[in-house]
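Peer 1: Next input, structure requested:
(one chain, ligands or ions: 2)
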Amino acid sequence: MADAPLFDRVAIIGLGLIGSSIARAAKAGGLVGTLVAVDRDPAVRARVAELGIADVVAETAAEAAEDADLVIVCTPVGACGAVAAEIGARLKPGAILSDVGSVKGAVVRDMAPHVPPYATFVPAHPIAGTEDSGPDAGFAELFRGRWAILTPLSPADASDVARLGAFWEGMGAMVDTMSVEHHDLVFAIVSHVPHLIAYNIVGTAADLEEVTQQEVIKYSASGFRDFTRIASSDPTMWRDVFLNNREAVLEVLGRFTEDLTALQRAIRWGEGDALFNLFTRTRAIRRSIVEQGQDTAAPDFGRRATAPAKD
Ligand SMILES: NC(=O)c1ccc[n+]([C@@H]2O[C@H](COP(=O)([O-])OP(=O)(O)OC[C@H]3O[C@@H](n4cnc5c(N)ncnc54)[C@H](O)[C@@H]3O)[C@@H](O)[C@H]2O)c1
Ligand SMILES: O=C(O)C(=O)C[C@]1(C(=O)O)C=C[C@@H](O)C=C1
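Peer 2: Ligands and ions are numbered 1, 2, ... in the order given. The predicted model follows:
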């Protein structure tokens, strides 16, 4: 007899890249009995029904959350508070509420006040994604071999944290836990500021009057192309990330700006050793990332086997 699913009823709110990937992975892994999906966009709800990646497509978040053992909010972080306000009173006793937001402090601030004492809020963040969005962009293998960070709010939540961790592991992820504050600093460095740099360099190139748009497109088969991939990431998602992780991002940007000024000086004064030493250190970092098998920002898995690469 097959093992019983980890959760009888799971509700996913927001069926974009991440929500639809969870739906696909959870069903493929036999982790849920009934999967209920809802999105505020009627076109997304219709597409989810067409794709057949949920058992039930609900009309409202409150309706989706009712009776669910696990509810995962997969909207942009700026919408998480309003969703929690809508579903909080409808959560069933013993339910686990979670999210996938790229920022944790602001999400906890906005969601936690709406969680009743008989449910447990376990914030989460999968470190996996692509530059694409929407329900067609998702795929079941997205989380395989990737980290899922849980930021538990109380030691009393340990058994629910373990259950949610098992759910992420069932989707192929490796689970780690850290504090909300530490999370926001770490991901400001390794994800948020790198995205800001990509948005900035692509914007600068597009604005340079002496380089035509045609040349930017024609000669971008270089490092610049990698920046354009990142800089094509969803504008709503990333606007919300920067508005909601302001302090950590500004802290890291301050350090980044100082280091950039030092590089500017080294170039101006011909300090080749300073440049060489930095580039040697950064090359070693890249090599250790590759050795640990974390070198693909957007894992291909089966996705590219069926869909031709866009770039
Ligand atoms: N894209 C990534 O690489 C990535 C990786 C890890 C975590 N995240 C986080 O996951 C979340 C979702 O990102 P995504 O890339 O799946 O975005 P997406 O744009 O692909 O999907 C978001 C979905 O949420 C829906 N939505 C928005 N407001 C809503 C509301 N109030 N109620 C119900 N549905 C609503 C939208 O209609 C959309 O379908 C974000 O919080 C993001 O920070 C993204
Ligand atoms: O691969 C990409 O396109 C991503 O940017 C994924 C990425 C990241 O920065 O690593 C982006 C945001 C998330 O919160 C987690 C993962």
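
Peer 1: Show the contacting residues for Y199.
Peer 2: 230-231, 238 (Cβ atoms under 8 Å, 6 or more residues apart in numbering). Yep, even glycine has a C-beta here, placed from its N, CA and C like the rest.

Peer 1: Contact residues of the stretch 51-200 of the chain facing ligand 2?
Peer 2: 102, 127-131, 191 (Cβ under 6 Å from any ligand atom).

Peer 1: okay, these in TSV with secondary structure and pLDDT next?
Peer 2: Formatted as TSV, these follow (DSSP: H, G, I helix; E, B strand; the rest coil; pLDDT from 0 to 100):
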residue	secondary structure	pLDDT
S102	coil	98
I127	coil	98
A128	coil	98
G129	coil	96
T130	coil	96
E131	coil	95
S191	helix	97
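
Peer 1: which among the contacts of Y199 gets closest to ligand 1?
Peer 2: Lowest distance from ligand 1 to the contacts of Y199 (Cβ to the nearest ligand atom) belongs to W238, with 8.2 Å.

Peer 1: ok, for that closest one, nearest residue in space, not its chain neighbours?
Peer 2: Distances taken as Cβ to Cβ, 6 or more residues apart in numbering put H195 closest to W238, at 6.0 Å, once the chain neighbours are dropped.

Peer 1: just the helices in this protein please.
Peer 2: Under the criterion DSSP state H, the chain contains helices at 17-28, 42-51, 61-65, 80-87, 105-111, 158-170, 180-187, 193-207, 213-218, 223-230, 235-244, 246-268, 272-291, 303-306.

Peer 1: does G129 really touch G16, like I thought?
Peer 2: No. Applying Cβ atoms under 8 Å as the test, G129 and G16 come out as separate, 10.3 Å apart.

Peer 1: Pull the number of nearby residues for the residue nearest to W238.
Peer 2: H195: 20 surrounding residues under other Cβ atoms under 10 Å.

Peer 1: In contact with it, which residues are there?
Peer 2: With contact set as Cβ under 8 Å, 6+ apart, H195 has these partners: 230-231, 233, 238, 241.

Peer 1: 10 Å instead?
Peer 2: Contact analysis of H195 by Cβ atoms under 10 Å, 6 or more residues apart in numbering lists 102, 131, 227, 230-231, 233, 237-238, 241-242, 249.

Peer 1: Repeat that for A49.
Peer 2: Applying Cβ under 10 Å, 6+ apart, the residues near A49 are 37, 56-57.

Peer 1: pLDDT at it, what is it?
Peer 2: For A49, the pLDDT comes out at 98.

Peer 1: cool, and R24?
Peer 2: 98.

Peer 1: For the residue nearest to it when sequence neighbours are not counted, grab the count of nearby residues.
Peer 2: Nearest non-adjacent residue to R24, counting by Cβ to Cβ, 6+ apart: A140, 3.9 Å away. When counting by other Cβ under 10 Å, one arrives at 22 neighbours for A140.

Peer 1: Could I get the phi/psi values of A140?
Peer 2: Dihedral angles of A140 (phi, psi; degrees, to the nearest 10) stand at phi -60, psi -20.

Peer 1: do G94 as well
Peer 2: Main-chain dihedrals, G94, degrees, to the nearest 10: phi 90, psi 0.

Peer 1: got a list of what I13 touches?
Peer 2: With Cβ under 10 Å, 6+ apart, I13 has these contacts: 19, 36-40, 58, 60-62, 64-65, 68, 71-75, 79-80, 83-84, 86-87, 99.

Peer 1: partner residues bridging it?
Peer 2: V38, V73 (DSSP bridges).

Peer 1: any idea how far Q213 lies from S220?
Peer 2: 11 Å (Cβ to Cβ, to the nearest Å).

Peer 1: out of these two, which sits in the busier spot?
Peer 2: Legend: neighbour count by other Cβ under 10 Å for Q213 and S220, higher for S220 (16 against 10).

Peer 1: how much space between that one and A206?
Peer 2: Counting by Cβ to Cβ - S220 and A206 are separated by 11 Å.

Peer 1: okay, and the common contacts of those two?
Peer 2: Here S220 and A206 share the contacting residues T228, scored by Cβ under 10 Å, 6+ apart.

Peer 1: How is the chain divided into domains?
Peer 2: Using automatic domain parsing, the domain ranges for the chain come out as 7-178, 182-296.

Peer 1: Now that P42 has come up, it's in contact with E59, right?
Peer 2: Yes. With contact defined as Cβ atoms under 10 Å, P42 counts as touching E59 (9.1 Å).

Peer 1: hmm, back to that, between Q213 and S220, what contacts are shared?
Peer 2: Shared contacts of Q213 and S220 (Cβ under 10 Å, 6+ apart): A205.
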